[in-house]
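> heads up, no residue letters with this:
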């Protein structure tokens, strides 16, 4: 029973790590869609946000759905504040540097000329993609490490109790 408790904790930690990998994948896909809408169709930002909310999945869909809901308060708050709130609501599984990168994107969207916005989106996509690749590469090793250490800790505790 003790070993199972340690293993279940390890599985919870691993589930969170896998969720952050999936969230990064979904958010980068959503940003790619936003980039395409702005670059190819010159879609107004609110319409591009609602399209991203409709056609994306997972964390990307949650981000843009929350942002679309928060856009009602656009006159009361700045777009960058609304973007930051949407990121915090939707991407809680991401690490602090990844969240900061996403939040930084909100400062240029809708504020600067289109070419600057596109450059910022492309930069954010590149950084988040690198983070996702690094996490995906390290995940198998971390999985073995967490499961091995938790099983060993459980066995050690059982031996101590005997």
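Nice, I can see it. The model shown is predicted, which means the values in this text are computed figures rather than measured ones. Residues are numbered from 1 along each chain as shown.

> ok, which stretches of this structure are helices?
2-40, 45-55, 58-70, 79-90, 96-105, 114-161 (DSSP state H).

> could you dump the ones you listed to TSV with mean neighbour count and mean pLDDT?
(C-beta placed from N, C-alpha, C; glycine too.) Below are those laid out as TSV (neighbours: other C-beta atoms under 10 Å; pLDDT from 0 to 100):
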stretch	mean neighbour count	mean pLDDT
helix 2-40	17	87
helix 45-55	17	88
helix 58-70	21	92
helix 79-90	20	92
helix 96-105	17	92
helix 114-161	14	88
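
> for the residue lying closest to residue 112 once chain neighbours are set aside, give its distance to residue 79.
Nearest in space to residue 112, with sequence neighbours left out and distances taken as C-beta to C-beta, 6 or more residues apart in numbering, is residue 120 at 7.9 Å. Using C-beta to C-beta, to the nearest Å, residue 120 is found at 13 Å from residue 79.

> distance between stretch 62-79 and the chain's centre?
18 Å (C-alpha atoms, centre = their mean, to the nearest Å).

> any idea how far apart the tips of that stretch sit?
Length of stretch 62-79, first residue to last, C-alpha to C-alpha, to the nearest Å: 17 Å.

> contacts for stretch 58-73?
22-31, 33-34, 46, 49-50, 52-53, 56, 82-83, 85-87, 89-91, 93 (C-beta atoms under 8 Å, 6 or more residues apart in numbering).

> wait, I meant stretch 82-94
Applying C-beta under 8 Å, 6+ apart, the contact partners of stretch 82-94 are 16, 19-20, 23-24, 27, 59, 62-67, 70-71, 73-74, 98-99, 102-103, 105-106, 109.

> let me see the contact set for residue 158.
Counted by C-beta under 8 Å, 6+ apart, residue 158 has contacts 2-3.

> if I look at it, how far off is residue 5?
According to C-beta to C-beta, residue 158 and residue 5 sit 11 Å apart.
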